[in-house]
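K.L.:
Quick one: sequence and predicted model below, then my questions.
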Amino acid sequence: MAEGEKISSNKMLKQAIAFNLFRILSFSVVAILIIILSFITIKGFRAISWEFLTAMPEDGMTKGGIYPAIIGTFYLIAGSMLFAFPIGVLSAIYINEYAKDGFFKRFVKLMTNNLAGIPSIVFGLFGMSLFVNTLGFGDSILAGSLTLGLLTLPVVIRTTEEALKAVDHSFRLGSYALGATKLQTIRRVVLPMSLPNIITGLILSIGRVSGETAPILFTVAAYFLPKLPTSIFDQVMALPYHLYVISTSGTNIEESRPIAYGTALVLIAIVLIVNLLANGLRRYFGNKVKMN
Amino acid sequence: MKIRTHQVNLYYSDFHALKGITMEISANTVTALIGPSGCGKSTFLRVFNRMNDLIDGVKITGDIFIDGQEIYDRKTNIDDLRKNVGMVFQKPNPFPKSIFENVAYGLRVNGINDKKFIEERVERSLHQSALWDEVKDKMKKSAFELSGGQQQRLCIARALAIEPSIILMDEPASALDPISTAKIEELIYELKKNYTIIIVTHNMQQAGRVSDKTGFFYLGELIEYDDTKIIFTNPKNPRTQNYITGRFG
């Protein structure tokens, strides 16, 4: 009896230790995020003004705003998504719905995973070599978007694959049993059901794309370009690269410090806003699947 | 004969799942397929709408005729076959669409766009599956808002909408409560007038209640196939006797 109680209190103790350890760890993750966000907010808040958001940089980037970098980042997000999203989603549909289990499917999946592991600076070099030089796009929104698109392709493919896998097989069987073809089944049943999760992939990709510096370094980003692009063959400034420039190689680093924090704050805010938008989209489609 | 199979063998890669099944099924009858789990009865059911084709590594030999047509012929269009041979699954699987769109689905994928025609057919199918009175005021609501039993009748309506002549049912009531089960059984009795029904069931009483003929499967073989009355009162094979009296299975 006493032995049994001892074992049971021992189990309780272990349980309590494990539970509290997990709790502390998960709180510390949240704490780190809050610390980073507050640090950037406090340091960058003073730099934010209407002018900062809408004016061109001035005086060797120690004054003025970051308007062209904001616009540039938006163009790059849109461009890379236009490229990566359709290709990624269609590839994932092929891999998950059409390809038979076997060597080829395993090979494609392996390559996709490898692609995800390539350092982003390598993508930058590759993009410069292929898009900028070989294809002759020059340093341009087009070359930068394609490079960023390549970088985020594995994320889109992986999340789309998971989203498709999450659709129970019985829905596909139900559709086939009514004489629907595979394509009809995918278009009318599988895709609508997996759309909310596919959009999650989009959110993750946008987060990654908007923050990357290395891939745009040699393909699109301008050091200082106080005007807006007029075509996809123009260079643009971009927030992450602008942040890098004014923190390391501006004309007067000390003086542009507040601008750097302001830029960081704007970058984080953009990612946050895009995430919220995409989450709204996700919820909208999630409800639509049930209603429609 | 509506359906005729001769020496059907089916292999999942190396596994010999169906062994020389020969069977004849008349039009407008209910045929029950019974037997312990893994005996091949569900596999056999899926032979008729070629659902097994979707599984990698399946090989089928022998002949299967529906209305005198060999359905494994190279000329057979699988989508047309599945239009003629409807199927209801074990777990209700309505699509995440409205009640109306669920029933209309089979029509739409088969190229019918006439709005009035679709509306009439949807209503008729829901009447046939005895669901109309319960859903007529909420056709635009999600099918997921229906109870399990209603969902299963919706799936039956969905199958009826494209006017099949054969309906395959794979344990259609096993996930339902007794009242819903009774409704499905009544429905099967009604549908028999116009359709040929093959039903897989684990429920002996159900097989006894709804079917005209019963086939007992064991380890991939069709052990005995006869009038349901005979199978349940005077089976010729001792294994059938043992199974229906609950001595194994």
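P.N.:
Yes, it's here. Residues are numbered from 1 along each chain as shown, chains lettered A, B, ... in the order given.
K.L.:
Chain B: strands as residue ranges?
P.N.:
Along chain B, counting by DSSP state E, strands occupy B:3-12, B:15-25, B:30-34, B:58-66, B:69-70, B:85-88, B:166-170, B:196-200, B:213-218, B:221-227.
K.L.:
Between those strands, which one is closest to chain A.
P.N.:
Proximity to chain A, assessed across the strands of chain B by C-beta to the nearest C-beta, is greatest for strand B:85-88 (4.0 Å). Yep, even glycine has a C-beta here, placed from its N, CA and C like the rest.
K.L.:
Let me know whether that closest one sits next to chain A.
P.N.:
Yes. For a cut-off given as C-beta under 8 Å from any C-beta of the partner chain, strand B:85-88 has contacts with chain A, namely B:G86, B:M87.
K.L.:
Contacts for that strand next, please.
P.N.:
Residues outside strand B:85-88 that contact it (C-beta atoms under 8 Å, 6 or more residues apart in numbering or on different chains) are A:177-178, B:48-49, B:51, B:66, B:152, B:155-156, B:159-160, B:162, B:164-170, B:172.
K.L.:
Sheet partners, orientation included, of that strand?
P.N.:
Here strand B:85-88 has these sheet partners by DSSP bridges: strand B:166-170 (parallel).
K.L.:
Compute the inter-axis angle for the strand it pairs with and strand B:3-12.
P.N.:
Orientation of strand B:166-170 against strand B:3-12 (axes from the mean of the first three to the mean of the last three C-alpha atoms, to 10 degrees) gives an angle of 40 degrees.
K.L.:
Compute the inter-axis angle for strand B:166-170 and strand B:196-200.
P.N.:
Relative orientation of strand B:166-170 versus strand B:196-200 (the same axes, to 10 degrees): 10 degrees.
K.L.:
which residues touch the residue nearest to B:H16 when sequence neighbours are not counted?
P.N.:
Of all residues beyond its chain neighbours, the one nearest B:H16 is B:G220 (6.2 Å), with distances taken as C-beta to C-beta, 6 or more residues apart in numbering or on different chains. Contacts for B:G220 were tallied using C-beta under 8 Å, 6+ apart; they are B:H16, B:A17, B:L18, B:K19, B:C39, B:G40.
K.L.:
out of the residues you listed, which is most surrounded?
P.N.:
Neighbours here mean other C-beta atoms under 10 Å in any protein chain shown. Within those, the largest count is held by B:L18, at 25 neighbours.
K.L.:
The nearest residue to that one once chain neighbours are set aside pairs with what?
P.N.:
Spatially, and ignoring its direct neighbours in sequence, B:L18 is nearest to B:L10 (3.9 Å; C-beta to C-beta, 6+ apart). As for beta bridges, B:L10 partners with B:L18, B:I60 under DSSP bridges.
K.L.:
so how many other residues sit close to B:L10?
P.N.:
For B:L10, the neighbour count with other C-beta under 10 Å is 22.
K.L.:
residues contacting it?
P.N.:
Taking C-beta under 8 Å, 6+ apart as the criterion, B:L10 is in contact with B:H16, B:A17, B:L18, B:G40, B:T43, B:F44, B:V47, B:N52, B:V58, B:K59, B:I60, B:T61.
K.L.:
could you redo the last one with a cut-off of 10 Å?
P.N.:
Taking C-beta atoms under 10 Å, 6 or more residues apart in numbering or on different chains as the contact definition, B:L10 lies against B:16-19, B:21, B:40, B:43-44, B:46-47, B:52, B:58-62, B:220.
K.L.:
And for A:F131?
P.N.:
With contacts defined as C-beta under 10 Å, 6+ apart, the neighbours of A:F131 are A:137-140, A:142-147, A:150, A:218-220.
K.L.:
again with B:K75
P.N.:
B:Q69.
K.L.:
where exactly do the strands run in the stretch 1-150 of chain A?
P.N.:
In order along the chain, the stretch 1-150 of chain A carries the following strands (DSSP state E, counting those that start in this stretch): A:57-58, A:63-64.
K.L.:
Please work out which of those is packed deepest.
P.N.:
A comparison of those by mean neighbour count, using mean count of other C-beta atoms under 10 Å in any protein chain shown, puts strand A:57-58 on top with a mean of 18.
K.L.:
tell me which strands and helices that one is in contact with?
P.N.:
Based on contacts counted as 3 or more C-beta pairs under 10 Å, 6 or more residues apart in numbering or on different chains; DSSP states H and E, the elements that strand A:57-58 packs against are strand A:63-64, helix A:67-93, helix A:239-248.
K.L.:
Quick one: mean pLDDT for stretch B:101-120?
P.N.:
Per-residue pLDDT over stretch B:101-120 has a mean of 95.
K.L.:
does any part of it sit near chain A?
P.N.:
Yes. Counting by C-beta under 10 Å from any C-beta of the partner chain, contacts between stretch B:101-120 and chain A involve B:E101, B:N102, B:Y105, B:G106, B:L107, B:R108, B:V109, B:N110, B:G111.
K.L.:
close enough to count as contact, B:T240 and B:Y218?
P.N.:
Yes. Using C-beta atoms under 10 Å, B:T240 makes contact with B:Y218 at a distance of 8.4 Å.
K.L.:
Between the two, which contacts overlap?
P.N.:
Here B:T240 and B:Y218 have B:I34, B:G35, B:E224 as joint contacts, going by C-beta under 10 Å, 6+ apart.
K.L.:
Kindly provide the distance from the second one to B:E221.
P.N.:
Which is B:G35. Note on B:G35: its distance to B:E221, by C-beta to C-beta, to the nearest Å, is 9 Å.
K.L.:
Identify, by residue count, the longest helix of chain A.
P.N.:
Taking DSSP state H as the criterion, chain A has its longest helix at helix A:2-45.
K.L.:
follow-up on the earlier one: possible to save the helices and strands packed on strand A:57-58 as CSV with distance to A:V189 and mean pLDDT?
P.N.:
Rendered in CSV, the data for those read as follows (distance: least, C-beta to C-beta, whole Å; pLDDT from 0 to 100):
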stretch, distance to A:V189, mean pLDDT
strand A:63-64, 53, 77
helix A:67-93, 13, 93
helix A:239-248, 40, 89
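K.L.:
So A:V271, which state does it fall into?
P.N.:
The three-state label for A:V271, taken from DSSP: H, G, I helix; E, B strand; the rest coil, comes out as helix.
K.L.:
Please give me every residue in contact with it.
P.N.:
By C-beta under 10 Å, 6+ apart, the neighbours of A:V271 are A:T73, A:I77, A:I203, A:I206, A:G207, A:R208, A:V209, A:S210, A:G211, A:L239.
K.L.:
Check A:I48 too.
P.N.:
Contacts for A:I48 (C-beta under 10 Å, 6+ apart) come out as A:T41, A:G65, A:P258, A:Y261, A:G262, A:T263, A:L265, A:V266, A:A269.
K.L.:
The fourth one contacts A:R46, doesn't it?
P.N.:
Yes. Taking C-beta under 10 Å as the contact criterion, A:Y261 and A:R46 are neighbours in contact, 8.4 Å apart.
K.L.:
Have a look at those two and say which one is more surrounded.
P.N.:
Neighbours of A:Y261 and A:R46, each counted by other C-beta under 10 Å, are more numerous for A:Y261; the result is 22 against 11.
K.L.:
got a list of what that one touches?
P.N.:
Neighbour list for A:Y261: A:F39, A:I40, A:T41, A:I42, A:K43, A:G44, A:F45, A:R46, A:A47, A:I48, A:L243, A:S247 [criterion: C-beta under 10 Å, 6+ apart].
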